[in-house]
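Would you be able to build a 3D model of this:
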Amino acid sequence: MAEKNTARLEAFSDGVLAIIITISVLNLHAPAGNTAQALMPLLPIFLVYIVSFQTIGTYWNNHHQLLKATKGLSSAIMWANMNLLFWLSLIPFAMEWLGNNFGQVWPTAAFSFVLFVSAFSYFLLTQAIVHRQGRDSTLAQALGSDLKGKVSLTGDLLAVLAAFLLPWVSYLLILMVSVMWLIPDKRLDSDH
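Numbering: from 1, shown residues only. Got it, this is the predicted structure:
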C-alpha cells in the first residue's frame, strides 16, 4: 500500500512539474524578424529559461529518486510536497520577469528568492520523509549531511542578497548552483 501512495504522489507531482515546464516555454516568443540579429533581444529570457528548465528538471529527477526511497506517506509529507510544488510553480513568473528585465534589482531578487525557497522547500520535504522513516533509516543514511543541498541553499540565499548590490553576482551564484546539479546526485539512486 505504501508504494501505491508514493506512486500517486509522484504521478501528481510529475504532472505539476510538466505543466510548470510547459508554462515556462510558453514565455518564449519567436522574434518578428528573420535574422540572427532579431534573436539578440531574446537572449536574456532564453538564458533564464535554460537555467529554469535545468532547475525544474533537477527537482523532478531528485524528487523521483526521493519518492522511490520513501516508505509510506504522512500528512506532513503531503503538505511539504505541496509547498515545494507551489514555489516551483512560481519559476515561470520569476523567469519571465527577470528575462524581460535582466540586470534589474527586483526581478533578479525575485528569481533568486524563488530558487532559494524552492531549495528550502525540498529540504523540508526530505526532513518530513526522514522524520516519518526515522533518523536511522536507510534513507536518512543515504541523505547524510546533504552537503550539496546546503551549498545550494547558501548559494541561492547569497544570490538573493547580492541582487540588491550587484545583480551580476547573483547570476554567477545561480549559475554555480545550476552547474553543480548537472552532476547527478546518486545518493538515492537504487542502481548506485
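
Tell me the first helix or strand C-terminal of the helix or strand Ser152 falls within.
When secondary structure is defined using DSSP states H and E, the element that contains Ser152 is helix 147-163. Going down the chain from helix 147-163, the next helix or strand is helix 167-180, by DSSP H and E.

circling back to that earlier point, so for the helix holding Ser152, what gets flagged as buried?
By neighbour count with 16 or more other CB atoms under 10 Å, helix 147-163 contains the buried residues 148-149, 152-153, 155-160, 162-163. Glycine gets a C-beta too; all of them are placed from N, C-alpha and C.

Over to stretch 73-84?
73, 77, 80-81, 83-84.

Under the pLDDT cut-off, which ranges of this protein? List them.
Flagging of the chain using pLDDT under 70 yields the residue ranges 1-4, 185, 187-192.

count of residues packed around Phe120?
Neighbours of Phe120 under the rule other CB atoms under 10 Å: 18.

State the distance from Lys71 to Glu10.
Using CB to CB, to the nearest Å, one gets 14 Å for the distance from Lys71 to Glu10.

again with Met82
Using CB to CB, Met82 is found at 14 Å from Glu10.

Would you confirm that Phe164 contacts Ser112?
No: taking CB atoms under 8 Å as the definition, Phe164 is not a contact partner of Ser112, at 10.0 Å.

More neighbours: these two, which one.
Relative neighbour count places Ser112 above the other of Phe164 and Ser112, with 27 against 12, counting by other CB under 10 Å.

helices or strands up against the helix holding Ser152?
helix 105-133, helix 167-180 (3 or more CB pairs under 8 Å, 6 or more residues apart in numbering; DSSP states H and E).

okay, those helices, which one's buried deepest?
Ranked by mean neighbour count under mean count of other CB atoms under 10 Å, those are led by helix 105-133, which reaches a mean of 21.

Can you give me the buried ones in the helix or strand just after it?
Proceeding C-terminally, helix 105-133 gives way to helix 138-143 as the next helix or strand, assigned by DSSP H and E. Taking 16+ other CB under 10 Å as the basis for neighbour counts, the residues of helix 138-143 that come out buried are 139-140, 142-143.

Same question for stretch 20-32.
Neighbour-count burial for stretch 20-32, with 16+ other CB under 10 Å as criterion, is recorded at 20-21, 24, 27.

what sits up against that stretch?
By CB atoms under 8 Å, 6 or more residues apart in numbering, the list of residues contacting stretch 20-32 from outside reads 38-39, 41-42, 45-46, 49, 52-53, 56-57, 88-89, 91-92, 95-96, 99.
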